[in-house]
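[1] predicted model and sequence follow; I will ask about them next.
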Amino acid sequence: MLDSTLRQRPLALLAALVLAQVLLLAFQIKRDHDVRLIRYWTAAAVMPFERSGTWGFSKTGGVWSEYIGLRGTRAENLRLRTELDQLRIRNRELEGQAGEAERLRLLLNFHEAHQETPMLAAQVIGASADPASHTLFLNRGDRDHVRRNQPVITPDGIVGKIVEVFPATSQVLLINDKDSGAGALLADTRTHGVVKGSGDPDPRLDYVVNDEPVHQGEMILTSGEDRIFPKDLLIGTVSMASQGNPFQTIHVRPAARLDRLEDVLILLTLQELKKTNESADAASAESGAPGIVQKEAPASAAAAKPASAKPAAASSANQTPAAAPTNSQN
Amino acid sequence: MSYMLNPGAQSESNIEVHKYYGGTVLVAAFSALVLQAFLNKYGRWSELVDLPLLVTIYFGVSRRNPVTGMFLGGAIGILQDALSHDNPIGLYGIAKTIVGYLASTVGARIDTQHPVSRLALIFLFFHLHQIIFAVTQRVLLNHPEPFFTVRLLVNSLATAAFGVALFALLDRLRRSS
């Protein structure tokens, strides 16, 4: 037994000694890619375990995540769907609020640009039940000092006029209603006419003789002769013009989007709108509100009618015959 | 002669373990290394004889202790590697460690006093040393070191012949029992 132990011990010692020298050599020898043999061997010895460990870990993690971890997925999915629906509703609310804020900002900018003109902001709360009648209901009424025939506008252009006043609400007759009419003039030639509703979505400009040159896209402004709308408010643009008998047939595309009105301004005066200062002018320009057409814009028009600078109320005193039928319709 | 041809016939306990004067082993090993390095300066004929291998074999078979035999062989081999210009340390060390161990083991089982047995032992250990050296070179260094050539045969014969004479000389350094 002892003899056997003594025989085996030198053998183990020999193995250890040889192994030590092999390791010593491995520290010195460099093989491919200038890598020391000891590194090469160590990597070769360790990497299979590392690889198998990584494989096992990933498989275990995969089992955990794909099976065990999915136990609560259905409930989580339902919860997330509910949350998504709520967020969609919330998003729509916020989009609505953002749109409202934008509209109100435009109104505010317009109001600040014309601080000397008394006006009242109102919200559209309803429309007519008759499809042929183009009217709206506003949330302002007699309590807010709203009166009949007061003009209703937006920063984009005119909308219509107040036709009925109730204690807390009022009714607006839109400019495209067949019973509506507004004194108008073509911006380039200062040719007067009357914008009247036709029952169609777009109103028409009447009483323009065939000799007058009218081109598509030309702006149509209020003339102030109807004693309702102040002078030089934008009504719309010419969408189509053709010869008629005895007057031209001119279709008008309203500047205000009459089919999707939400917030409007009620002008409490017939006074011509004037901008208060330069900053307000800048604010108006920023708001993109072309509702008030600057007289300086068409130089030819200004030259043709220099009296346009006077207040609309004053000009309305000298009514043209064209204004008469307008008012009679009102 | 008969015991050399039939090693099992003689008990291991009957084989004498030779002892030497203090420092003899160290001085002999050191001298072999120095002399080998010195002779290698003067031409290839010096490669005919491997003095460190002869010292390893001699003290292995004489002292008959595998542990001291392998340590002595390992030390001589490592020093030989250290004295070479491009060998990594351990190349000769491994070969001489194993030779030292086997020489001690063989020396503990058979009597190696006879010149013929010494000649045979040196010849065999020379080639065993070369095989281990070649295997190490091939495996670790990826060098195609030959296992056997005519030159190696000549070297082994020359080393064996010189070794018989050297062993007789070294026998004189034994301490009388």
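    Thanks, I have it.

[2] so which residues on chain B come close to chain A?
    In this structure, chain B approaches chain A at residues B:66-67, B:70-71, B:74, B:77-78, B:88-91, B:93-94, B:97-98, B:101, B:105, B:136, B:140-142, judged by CB under 8 Å from any CB of the partner chain. (Each C-beta comes from the backbone N, C-alpha and C, glycine too.)

[3] got the phi/psi numbers for A:Pro151?
    Main-chain dihedrals, A:Pro151, degrees, to the nearest 10: phi -70, psi 150.

[4] what's the burial count for it?
    The local packing of A:Pro151 (other CB atoms under 10 Å in any protein chain shown) involves 24 other residues.

[5] against chain B, how distant is it?
    Counting by CB to the nearest CB, to the nearest Å, the gap from A:Pro151 to chain B is 101 Å.

[6] my read: A:Thr249 touches A:Ser239, true?
    No - A:Thr249 lies out of contact with A:Ser239 (CB atoms under 8 Å); the separation is 11.3 Å.

[7] could you list every helix and strand in contact with the helix or strand harbouring B:Phe125?
    Assigned by DSSP states H and E, B:Phe125 falls within helix B:115-136. Judged by 3 or more CB pairs under 8 Å, 6 or more residues apart in numbering or on different chains; DSSP states H and E, the packing partners of helix B:115-136 are helix B:51-63, helix B:91-109, helix B:150-171.

[8] mean confidence score for that helix?
    For helix B:115-136, mean pLDDT is 93.

[9] pull out the buried residues from that helix.
    Within helix B:115-136, the residues that count as buried by 16 or more other CB atoms under 10 Å in any protein chain shown are B:117-119, B:121-123, B:125-127, B:129-130, B:132-134, B:136.

[10] swap in stretch A:239-256?
    Buried residues in stretch A:239-256 (16+ other CB under 10 Å): A:241, A:247-248, A:250-256.

[11] ok, now stretch A:36-52?
    Result for stretch A:36-52 [16+ other CB under 10 Å]: buried residues A:37-38, A:40.

[12] any idea which of those residues is closest to chain B?
    Within the buried residues of stretch A:36-52, proximity to chain B (CB to the nearest CB) peaks at A:Leu37, which comes in at 6.4 Å.

[13] for the stretch 201-330 of chain A, what spans make up the helices?
    Counting by DSSP state H, counting those that start in this stretch, the stretch 201-330 of chain A has helices at residues A:278-287, A:299-304, A:312-317, A:323-329.

[14] coming back round to it: may I have the helix holding B:Phe125 as CSV, with CA atoms only?
    Extracted in CSV, the C-alpha atoms of helix B:115-136 (Å, rounded to 0.1, in the frame of the first residue of the first chain):
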residue,chain,number,x,y,z
PRO,B,115,29.1,-0.1,-19.8
VAL,B,116,26.9,-1.9,-22.3
SER,B,117,23.8,-1.3,-20.3
ARG,B,118,24.8,2.3,-19.9
LEU,B,119,25.4,2.6,-23.6
ALA,B,120,22.0,1.2,-24.3
LEU,B,121,20.3,3.3,-21.7
ILE,B,122,21.9,6.5,-23.0
PHE,B,123,21.0,5.6,-26.6
LEU,B,124,17.4,4.9,-25.7
PHE,B,125,17.1,8.0,-23.5
PHE,B,126,18.6,10.1,-26.2
HIS,B,127,15.9,9.1,-28.6
LEU,B,128,13.2,9.4,-25.9
HIS,B,129,14.4,12.8,-25.2
GLN,B,130,14.3,13.7,-28.9
ILE,B,131,10.7,12.3,-29.2
ILE,B,132,9.5,14.3,-26.3
PHE,B,133,11.3,17.4,-27.6
ALA,B,134,9.8,16.9,-31.1
VAL,B,135,6.3,16.4,-29.7
THR,B,136,6.6,19.5,-27.6
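
[15] helix B:51-63 and that one, what's the angle between them?
    Put simply, helix B:115-136 runs at 120 degrees to helix B:51-63, going by axes from the mean of the first three to the mean of the last three CA atoms, to 10 degrees.

[16] contacts for helix B:115-136, please.
    Identification of contacts with helix B:115-136 by CB atoms under 8 Å, 6 or more residues apart in numbering or on different chains yields A:22, A:25, B:1, B:4, B:50, B:53-54, B:57, B:61, B:91-92, B:94-96, B:98-99, B:102-103, B:106, B:110-112, B:145-148, B:152, B:155-157, B:159-161, B:163-164, B:167-168.

[17] at 6 Å instead, please
    B:4, B:53, B:57, B:91, B:94-95, B:98-99, B:112, B:145, B:147, B:152, B:156, B:159-160, B:163-164, B:167 (CB atoms under 6 Å, 6 or more residues apart in numbering or on different chains).

[18] can you check stretch B:50-63 too?
    When contacts are defined by CB under 6 Å, 6+ apart, stretch B:50-63 is touched by residues B:18, B:25, B:28-29, B:32-33, B:35-36, B:69, B:72-73, B:76, B:80, B:96, B:99-100, B:103-104, B:107, B:112, B:122, B:125, B:129, B:159, B:163, B:166-167, B:170.

[19] what separates it from the chain centre, distance-wise?
    Put simply, stretch B:50-63 sits 4 Å off its chain's centre (CA atoms, centre = their mean, to the nearest Å).

[20] for the record, mean pLDDT for that stretch?
    Mean pLDDT, stretch B:50-63: 91.

[21] next: stretch A:14-23.
    Averaged over stretch A:14-23, pLDDT sits at 88.

[22] buried ones in it?
    Of the residues in stretch A:14-23, those buried (16+ other CB under 10 Å) are A:14, A:17-18, A:21-22.

[23] hmm, that stretch touching chain B?
    Yes - counting by CB under 6 Å from any CB of the partner chain, chain B is contacted by stretch A:14-23 at A:14, A:17-18, A:21.

[24] take these and keep only those in helices.
    Taking DSSP state H as the definition of helices, these contribute A:14, A:17-18, A:21.

[25] what's the closest of the residues you listed to chain B?
    The shortest approach to chain B among these belongs to A:Gln21, at 3.8 Å (CB to the nearest CB).

[26] show me the contacts for B:Ala29.
    Per CB under 6 Å, 6+ apart, neighbours of B:Ala29: B:55, B:76.

[27] please apply the same query to A:Gly199.
    Here A:Gly199 is in contact with A:Lys178 (CB under 6 Å, 6+ apart).

[28] and it, how close does it get to chain B?
    A:Gly199 is 101 Å from chain B, by CB to the nearest CB.

[29] which SS state does that residue fall under?
    Under DSSP: H, G, I helix; E, B strand; the rest coil, A:Gly199 falls in the coil class.

[30] fine, thanks again, bye for now.
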